[in-house]
Structures are given as structure tokens and as C-alpha cells.
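Undergrad: predicted model follows, preceded by the sequence.
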Amino acid sequence: MEAKEGKKGRLLLGSQLDAKDELEERLERCVGIVQALTNGLSEREANDALTANVCKGQQQHEEVCLGLFSLLLTEPAQAQRCYRDLTLLSRDGMSIVLLKINQILMEKFLKLQDTPRTQLVWLVKELVKSGVVGADGVLMTLLKQIAGGDISSKNLWLSENVLEILLDQKEFVLKNGMLIAMSVYTYLRLIVDHGAPNLLILRQKEVDYCISMLRDKFAECQIIGRDLVRLLQNVARIPEVELVWKDLLHSPQVLSPQFTGVLQLLTARTSRKFLACRLTPDMETKLLFMTSRVRFGQQKRYQDWFQRQYLSTAESQSLRCDLIRYICGVVHPSNEVLSSDILPRWAIIGWLLTTCTSNVAASNAKLALFYDWLFFNPEKDSIMNIEPAILVMHHSMKPHPAITATLLDFMCRIIPHFFPPLETQVRQGVFNSLTFIMEKRVLAHLAPLFDNPKLDRELRSMLRERFPEFCSSPSPPTEGTVKMEESVSMEMDNNVLDKEEGCYDNTEAAFSDDEEEVSNKGKKREFRFHPIREAVVEEPADITPWLDQLDDTMKEKVQGLQKTSDTETQCEVMQEIVDLILEEDFDQEQMSGLASCLSELFKDHFRGDVLPEEITEESLEESVSKPVCLVFRNLVLMQEDNSGFSVLLDMLAEFYQKQPKIGYHLLYYLKASKAANGKMMLYESFAQATALGDLHTCLMMDMKACQEDDVRLLCYLTPSIYSEFPDETLRSGELLNMIVAVIDSTQLQELMCHVMMGTLVMFRKDSVLNILIQSLDWETFEQYSTWQLFLAHSIPLETIIPILQHLKYKEHPEALSCLLLQLRREKPSDELVKMVLSRPCHSEDQFTTSLLRTWASKQDDSLGEHIKNQLIKNNNQPRKRQSLRSSSSKLAQLTLEQILEHMDNLRLSLSNSKNNFFSQTPILQALQHVQASCDESHKMRFSDLFSLAEEYEDSQSKPPKSRRKAPASSPRSRKGAAPPCNAEEESASSSASEEDSKPKAPKRKRKGSSAVGSDSD
């Protein structure tokens, strides 16, 4: 039973930089124990040794069972023997193994390596085959891991293998009613995704399984409720399903004697278990996080991440229905959350609707949203199931009237078309929904929504016809009301929820368009987003709801903490609480209750400012001597391999769930406390212990919370955050944007000083260009601050000069002005000149002309050479423009015409000055070279520019006799014999003295025409 050990874990995927997973470490320790007991023994002796060890106690029993379980996952060759030993040695009916399988499926399945993943599915099959009690629960958890809208090879493999288990162990399945219903619900949904030709075999197996269960066990399937009808509708065109569909509509008793018809299903609300089973645990965690922790107006990055992860493929269109049904039926926030500034459900649903790119997916998504409306019964159904739809329509009216219009149109048309024989019941269901919405004050009146001028006339007419009861205002609207309606902003980042004790049971509307919203003085109510602050009036902490979750000793300590207000006494009690947590027999189930108590008791601490007004060593130490910092101090003083270290981390992670501000308070402690000197990386362990599990996400969220609460603290933390976490801060502009969005000019200057003293690095060469490009969409002061901070660094300007190609003179004046001031101090180089000349030439864009003029007055010699190089280089390749445009290079291509346009603008700019830039030999030689080969249109367009070259050519017209044949005499003759570039350079160097000695001689031959006279006569 020996397992080969590698440097990395054999269970979970991970890099060398990742911290070792706690579960994996425990399983490896258990494997070591099993191997130590069995090494060198025969199979029988090994079995006797394991049996003897198991008999010693519960801990030894668990260690042996988990060791065999781990070997089974990582050593396929030993799997059969390990499973046999498990069944013989287990004294708890395999419950410890089932517990760990569920834990892996819910928390670690995505991180499993390929071999353990395959072995885990095999083990579930063996458990089902053996009829182990609880195996049905594990199988349902495995079903949950099959993602909808995903036809990747791994997901298809899992779908096929779980289906094989269900088919092979049909007798086991038929004994478990919930497993039957859950599997039918799952595979009816997956059939929609498996329509591709290469998946038809799998789809047929899924169809056969679902049909057999619907025919043989309809009573069990019936518990699904109304969503069973929705799923069958989606696949009703498959011949086998169509037969069941017809029986469902016309011969219901063929399916079950107790089944009276489709109306019986449609009036039964679908249980949350079924709606939740079509989201993987990871999807569910992310969605719950957004609806419980993300603030309204800050959701975009989370939505973008979710979309990249799950909604970016064509197949994922079908997943939106699952998400919408889950949000409507499962995510029911408390009144406390509803009255806070947490992201509301309607905002997520509105986002999902706007991301539908398929008409079929959009129709299905709208049906999923309104599905509970169709047969709504106030006595059985919940207001929370129908609230999102009405709020999506209400809040989309101003920013996205098309969404509101299409939803209202869908609501009207679904009544006669959903199922014509039940049109009366559907109409009554929708009527019940709208009535209940008004009763619960979700909206005070529906007339502003149904009879809104933004809707087209036909739709408003249809709404008046379908719902006349809701289309008339209870009282004639006053002029003030009408104006107010137009002024109310319904954008998704607005705060429209009043902070009430409840949401729907109050006498005042939570979402109201009443005249009361206009104050007596006639001032309109301000609907801009403002984060809701906690009440200023201090209320005594109420920890009663959570005290019962604590044992007597812990309860006594927590109550003692509540009774005293003396900081020193509180610190002593808090230390005693920490000591209790660190005891070996501490019941970790108490953590949630303890975290809730501490969050409530210390709420005043999290309201106040953390950073002292005057920053000294004494004031900093005093600021980190608060009771809540005792947990931080114990963590800092503890070694990471100490068993109590992970317990304290878990405690903090639980605390973080209740009070998110604890994150940046920990960062402050690690920076300000002498005891924590050099321990900033402890924050990474904390981040990995939280539900987020990701350092970058956790850090950005904590810094965002800090930004909203205390800008001074944000600036104080910034140098340490950038220096300790460079990979998280320097790779994107997320943190930088948070900083520059709130700092003032004094704080900006302080940060620049930190940069110049070397204590702060906010940019590095490999990412600075991308960050500056990101900043182009920020506010004006934010952009100026970003450029000031960049210029404080010693990063060569050549690193970011490609940004010029992204800058438009009307859209990006901040970046252009900062670049202009910096470039004027630079010495021109080939690359700089090329990038500057690459800018499109526009009469209102003076960037290139002003910069070239500045360079011409200071660096005329070198600038002339660089421009000459660009002119000759681009002139030698006049026919390659098309291929350049089609190349894969992202950089704009410099063209000869661009250079000439900029040169002509520069010539005009210098025409009234004494600058002799255009009398330089390199410039004149380059113009002469270009004139010799360009077409007539360019000669006409830039005739004034080329006339300078002709004057220079005339100056070379009477050289010594031995050199008379060198220059060409006319444009016609030059056309056939343009001198090569190297010959020009040679003649320029050899005849420089002759040009200086006889500068005026050629001018006698100058004619009025721009053509140059011939010297041959």
C-alpha cells in the first residue's frame, strides 16, 4: 500500500507558491499513518494491524478511514483493495468518508487533479452499488457539479459518467424519490445543451433515462412543481418527449392515477432545492457573494469576472435561465440587506438580460423571470419571487427603456399565448402578482410604469387594454409630480432604497413615485447614489440572538465584554476569549455566533477613524491597543505551523463575513504595530482563509472599503501595500484608480515624495503602459494625478511612448498635455520622432507641430537627422502601405504623407520666426530625395515644402567641372535617375565647404517657376 510521494500534493492542483491545502495535508498525514502501519506486512497482516488500530478509538478510526480514502483517490491500482478495506474497517457506516466526499465536491472539486477526479466518481459509483446509507446525497451533490451551458470535455465526461451510474444502479435510484426528481430535473435541463451532432448519443441516453422515470415514477417527478413544465417545454420537439408532453396535456392519468392535469403542476411552487441544483457550488458562492457583500454601483468587476468565467461561450446562453430562476426563487435577502446599499437582485437580472445575444435565450430568460407570475397565489407564493421582475422594469425605464418595453410586451403577450386553454388562470395569476406588488408597496403606483411616455403608443394601448385597473393614477398628477418623474434617475448605480426597518410591510413605499418625494419647498429629492451610513444615534449592542450558540464559558466571557466599557478591561476579557478559542476542545461551530457577537459589540470601533490625527510612535501604538486588535496580536506572535494559527485565521475569516472592515483594520495593524514589524505577509494567509480565497480580490475589496471610510488611512497604507504586494498592485490600475479618485492635492504631493524617496513604487516597466491606457477613461483630476505620480518615477519615456497612438486630441487632452510637457525636455531619438510623426494630422491638433517646433529650436541638428531618416526610410517603401495595414502589428504605421503633412505644418509655424531649421542640409537632402520619386499629386500638394529642396538643388547647380554631372538637372531627368541615399550622404559631406564658399552664385538662375533650370546649356 505504498504511495509514491512527490514534491507537490497529488490530490489538488496548485503551484509551488500556493499554500498547502489544509484538507490535503490532513489526508496526507492519514496516508502516512496507514503506510506506517502496513509497510512490510502481508495483506492479511496489514488488515489485522489496521483493525487493531481502528479499535483504539475514534481518532484512530478516522485516521485509518481517511488514509484509505486518500490512497483510493491517488492510487488507482490500489483502489479496489482500499475500498474493500474501507468497507471492512469502517464502524460508522462510511459516514466520515461520505462527509469528506461532500466537502471535496462542494469546496475542492474544481481544483482536483484528473486522477483523483476520476477516482472520486468511481468511488461514488461503488458506494451506490453497495447501497451505503447516504450515497444518494453524495450522488445528488455530484449531479450539482455538472454545469449548465458548458460542453467542455471535462463537463461532458462528468455528465456521461453520472448518467452511467444512474442507469447501471437503477434499482438503487428507484428507491430514492428525491434522487429521481433531482436527476430528471438535471438531465431535462442538460438535454438542451447537448444538441450538437457529436453529442447525439449522449443526448439520446439522457432522453431515454428521463422518459423512463417520467413514465414509471411520475409521482416522484411531480414534486418538482411548475418548473418541470418549463423544462419539458424546452425539449418538447424531441419525439419521445413529445409523446409524454401530449399525455401531460390530454391524458394525465396515463402518467399517474393521482395526477389531474398540467394545472396541478403549474400551481405548485418549485422547491429551492431544484432551482439551486442547476448552479455549481462555485457559481452559487459567487452569486451569493454579489447579493450579500458587493455594494450597489461597484458590481461591474464582479459581473465581468462572472461573465468571463461562465457566460462567455455561445452554449452558455442557456445558463442565464438557471441563474434568473435561482435569483428569483432562492436568493431572498433579509430586510436588513434590502434596506442597505448592497447590490439588489433586479440589478443582476437586468445585467443578465442585457448580455443575452440569442433571441431564443432572451425569450427563455424573460419566461424564467415571469414564470412565478403566471399562476401566482398570494397564499402560497412569496412576494420575493415576483419582486425582481417589476423592479427591473421600473429601474430600467430611464437608462434602458427598451428593456422595460420588451418585458412589458412579453408580460402582455404571454397571457394568451402561454397555454390558451388556461388563459383565464394566467391572466388571474398576473393580476394577483400586480395587486400583491402594490399591497406590499414594492411600487406605490403602476400607472407611471404602464402609461409612461417613453413607451410606444401601441404598447401603452395594449397595457391599458390588458390592465385597465393599474393604468389610472389614484389622483391627477400635479405639475411638480410630472417634473419629478422626469428627473428621477433610475440608473443602476443609484441608491433608490430608503433605509427602513422593513421593506415591503411598511406603510411608506420603498420604491415610490409619490408627490411626497417633492419637499414642501418645491425642491426635488436628490436621487444620486450615496452610501448609506449607519445611524449616528448610538444604540446599545444587542447580542441576544447569538448568545445561545455559545457554550456557558464563552457566553460568560462575551457578556463580560459587553458589560464593561473600560478599554483595558475589555482587552483582558478579549485575551481570555482568544485563549478559549485556542483551546484544543474549542467547538468551531461556535465561531459564527461568536463572530456575530464581536461584530455587534465592536461596531463603534469600526465607525470611528483608525489613524490618529497626529502620527507618532506613541499614538500609533495606542491606536492598535484596542480590544479587537488582540486577535491580530495573537496571530502575529504565533508561528504559522502552530495549530492555533489556522483556528485564529478561521475566526478572523468568520468575523470578516460579519464585518468586512476587519480586512483593512488588519492591514493597518500589520503596518502600525511594532509587534507586527515585517509580518505584512500574514494578510495573504488571512485572504486565503476567507470565503473569497483569493489575495487580489480580498486586497482590492479591503482597500475599496478603506477608500470609502478613511482617505487618510488609504494614503498611509499605500506605500506598504505596494511594496509588500507588488504582483497584486502593479499588474493593473485598479488600486491606483481607487487612490487618485479620492486624494487631494496635498496627499498627491505626499505620495510623489514617497515615490522620489524610494519608499513607494506604483509603476513598473512591464505594466505601466497598460495602466496609463486604462487611465484614459478616468476623470480629469484622476488622470492628472496619475501622470504626476508616473513622472515622479524614473521610468524612461520610451517605455510609454506607444500610448501616443491611443490618444485623440478631443478625448484625451489630459494625457496629451502631460506628455507634451515631458517630451519637450527629452532629446529626440529615432523612436520618439517616429511615434510623434505617427499621430494623424488634424488642423485642430497642434500636439506634433508644437513639439517639433520646440525640438527644432533646441535640438535642431539631431531632429533634422531623425526626420531625414524617417523621410528616406518611408520614401523607399512607397508601395508597401497596404501590406503594412494588414500586418498583425498593433502599432500604427507611419506613412510618407503623414510626415510631409507634419513637416508642412512645421514650416508654416516657423515661417514668421528666425529659425533656420529648414535650411539644414539633412532636411533639404531628404526633401530632394522624396521629391525625386513622389507622384505629381504630392508635388502639387506640398509644392511650397519642395520648393525649399529646389533652392537647395539650385545651390548645387554650379559645382566644379569634375562634379557637374552629379546633380540631376530637372524633375523630368531626376525621375529617371534619382541618386541613391548613400551617394547623397557622401556628396553632402564632401561638398559642404564649397556650399559655404559660394552660397549666392546659383541664385542668378532662379526663375519665377518652381521648376529648376538646366545647367547643361
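TA: That came in fine, so what should we check first? Numbering: from 1, shown residues only.
Undergrad: wait, Glu865 sits on Pro922?
TA: Yes: contact criterion C-beta atoms under 8 Å: Glu865 and Pro922 qualify, at 5.2 Å. For every residue, glycine as well, the C-beta is placed using N, CA and C.
Undergrad: more neighbours: those two, which one.
TA: Pro922 (21 against 18; other C-beta atoms under 10 Å).
Undergrad: report the secondary structure element holding the more buried one.
TA: Assessed by DSSP states H and E, Pro922 sits inside helix 921-933.
Undergrad: thinking again about what came up before, give me the common contacts of Glu865 and Pro922.
TA: Taking C-beta atoms under 8 Å, 6 or more residues apart in numbering as the contact rule, Glu865 and Pro922 have no neighbour in common.
Undergrad: tell me who's in contact with the closest residue in space to Thr553 that isn't next to it in sequence.
TA: With C-beta to C-beta, 6 or more residues apart in numbering as the criterion, Thr553 has its nearest non-adjacent residue at 6.4 Å, and that residue is Leu580. Residues counted as contacts of Leu580 (C-beta under 8 Å, 6+ apart) are 553-554, 557, 586.
Undergrad: do Leu228 as well
TA: Per C-beta under 8 Å, 6+ apart, neighbours of Leu228: 184-185, 188, 221-222, 265, 270.
Undergrad: please redo it, this time with the cut-off set to 10 Å
TA: The neighbours of Leu228, taking C-beta atoms under 10 Å, 6 or more residues apart in numbering as the test, are 181, 184-185, 188, 214, 218, 221-222, 248, 262, 265-266, 268, 270, 274.
Undergrad: and Ser685, by the same measure?
TA: Applying C-beta under 10 Å, 6+ apart, the residues near Ser685 are 19, 635, 640, 645-646, 649, 652, 695.
Undergrad: can you tell me which of these lies closest to Thr746?
TA: Of all the contacts of Ser685, Thr746 sits closest to Leu695, with 31.0 Å by C-beta to C-beta.
Undergrad: what sits against the closest one?
TA: So Leu695 contacts 683-688, 725, 727-728 (C-beta under 10 Å, 6+ apart).
Undergrad: now those as a markdown table including pLDDT and distance to Asn385?
TA: Converted to a markdown table, the contacts of Leu695 look like this (pLDDT from 0 to 100; distance: C-beta to C-beta, whole Å):
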| residue | pLDDT | distance to Asn385 |
| --- | --- | --- |
| Tyr683 | 89 | 41 |
| Glu684 | 88 | 41 |
| Ser685 | 87 | 41 |
| Phe686 | 88 | 38 |
| Ala687 | 88 | 36 |
| Gln688 | 86 | 37 |
| Phe725 | 90 | 43 |
| Asp727 | 87 | 44 |
| Glu728 | 87 | 40 |
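Undergrad: measure the residue most central in space within the chain to Met283 for me?
TA: The C-alpha lying nearest the average C-alpha coordinate of the chain belongs to Trp305 (C-alpha atoms, centre = their mean; 2.8 Å). For Trp305, the distance to Met283 (C-beta to C-beta, to the nearest Å) stands at 12 Å.
Undergrad: ditto for Val631
TA: Applying C-beta to C-beta, the value for Val631 to Met283 is 32 Å.
Undergrad: quick one, which of these two is more surrounded?
TA: Under the neighbour definition other C-beta under 10 Å, Val631 and Met283 were set side by side, and Val631 has more, 23 against 20.
Undergrad: what about that one, helix or strand, and which?
TA: Using DSSP H and E, Val631 maps to helix 629-636.
Undergrad: ok now that helix, how far from the chain's centre?
TA: 32 Å (C-alpha atoms, centre = their mean, to the nearest Å).
Undergrad: buried residues, it. List them.
TA: 629-636 (16 or more other C-beta atoms under 10 Å).
Undergrad: what is the nearest of the residues you listed to Glu734?
TA: Closest to Glu734, out of all of those and judged by C-beta to C-beta, is Phe632, at 25.4 Å.
Undergrad: and the pLDDT for the closest one?
TA: In this model, Phe632 is scored at 88, pLDDT.
Undergrad: wait, doesn't it sit right on Leu682?
TA: Yes: the pair Phe632 / Leu682 is scored as a contact, 8.6 Å apart, by C-beta atoms under 10 Å.
Undergrad: find the residues that touch each one of these two.
TA: With C-beta under 10 Å, 6+ apart as the test, Phe632 and Leu682 both reach 666, 669-670, 676.
Undergrad: so what's Leu871 closest to, chain neighbours aside?
TA: Nearest one to Leu871, counting by C-beta to C-beta, 6+ apart, is Ala926 at 4.1 Å.
Undergrad: would you enumerate the residues in contact with that neighbour?
TA: Taking C-beta under 10 Å, 6+ apart, we find Ala926 in contact with 864-865, 867-873, 875, 899, 903, 920, 949, 981, 984.
Undergrad: check the gap between it and Asn869 for me.
TA: Distance of Ala926 to Asn869, given as C-beta to C-beta: 8 Å.
Undergrad: and if you look at Glu336?
TA: 69 Å.
Undergrad: are any of the contacts of Leu580 buried, and which?
TA: Neighbour-count burial (16+ other C-beta under 10 Å) applied to the contacts of Leu580 gives 554, 557, 586.
Undergrad: identify, from the residues you listed, the entry nearest to His61.
TA: Among the buried ones among the contacts of Leu580, and counting by C-beta to C-beta, the member closest to His61 is Phe586, at 22.0 Å.
Undergrad: from Glu22, how far off is the closest residue to that closest one other than its chain neighbours?
TA: Leaving aside its chain neighbours, Phe586 sits nearest to Leu580 (6.4 Å; criterion: C-beta to C-beta, 6+ apart). Using C-beta to C-beta, we find Leu580 at a distance of 22 Å from Glu22.
Undergrad: equivalent analysis for Ala52, please.
TA: When Ala52 is compared with Glu22 (using C-beta to C-beta), they lie 29 Å apart.
Undergrad: then Gln822?
TA: Distance check for Gln822 against Glu22: by C-beta to C-beta, it reads 51 Å.
Undergrad: mind checking which of Glu336 and Asn869 has more residues around it?
TA: Applying other C-beta under 10 Å to Glu336 and Asn869 shows that Asn869 carries more neighbours, namely 16 against 12.
Undergrad: which residues touch the more buried one?
TA: 830, 833-834, 922, 926, 981.
Undergrad: mind redoing it with 8 Å?
TA: Asn869 sits next to Asp830 when contact means C-beta under 8 Å, 6+ apart.
Undergrad: also Gln303?
TA: So Gln303 contacts 290, 348, 351 (C-beta under 8 Å, 6+ apart).
Undergrad: rewinding a little: which ones among the contacts of Leu228 are found in helices?
TA: Secondary structure assignment (DSSP state H) places 181, 184-185, 188, 214, 218, 221, 248, 262, 265-266, 274 from the contacts of Leu228 within helices.
Undergrad: following element in sequence after the helix or strand of the chain with the lowest mean pLDDT, please.
TA: Within the chain, no helix or strand scores below helix 479-487, which has a mean of 34 by mean pLDDT, DSSP states H and E. Following helix 479-487 in sequence order, the next helix or strand is helix 544-547 (DSSP H and E).
Undergrad: what helices and strands are in contact with whichever helix or strand comes after that following helix?
TA: Next along the chain after helix 544-547, taking DSSP H and E as the criterion, comes helix 552-563. With contacts taken as 3 or more C-beta pairs under 8 Å, 6 or more residues apart in numbering; DSSP states H and E, helix 552-563 sits against helix 544-547, helix 567-582, helix 591-601.
Undergrad: tell me the buried residues in helix 552-563?
TA: Buried residues in helix 552-563 (16+ other C-beta under 10 Å): 554-555, 557-558, 560-562.
Undergrad: before we move on, what about stretch 562-569?
TA: Buried residues in stretch 562-569 (16+ other C-beta under 10 Å): Gln562.
Undergrad: how long is it end to end?
TA: One end of stretch 562-569 to the other measures 11 Å (C-alpha to C-alpha, to the nearest Å).
Undergrad: contacts for it, please.
TA: Here stretch 562-569 makes contact (C-beta under 8 Å, 6+ apart) with 541, 543, 570, 573, 601, 625-627.
Undergrad: ok so, going back, which residues does the residue nearest to the centre of the chain contact?
TA: Going by C-beta under 8 Å, 6+ apart, Trp305 touches Lys286.
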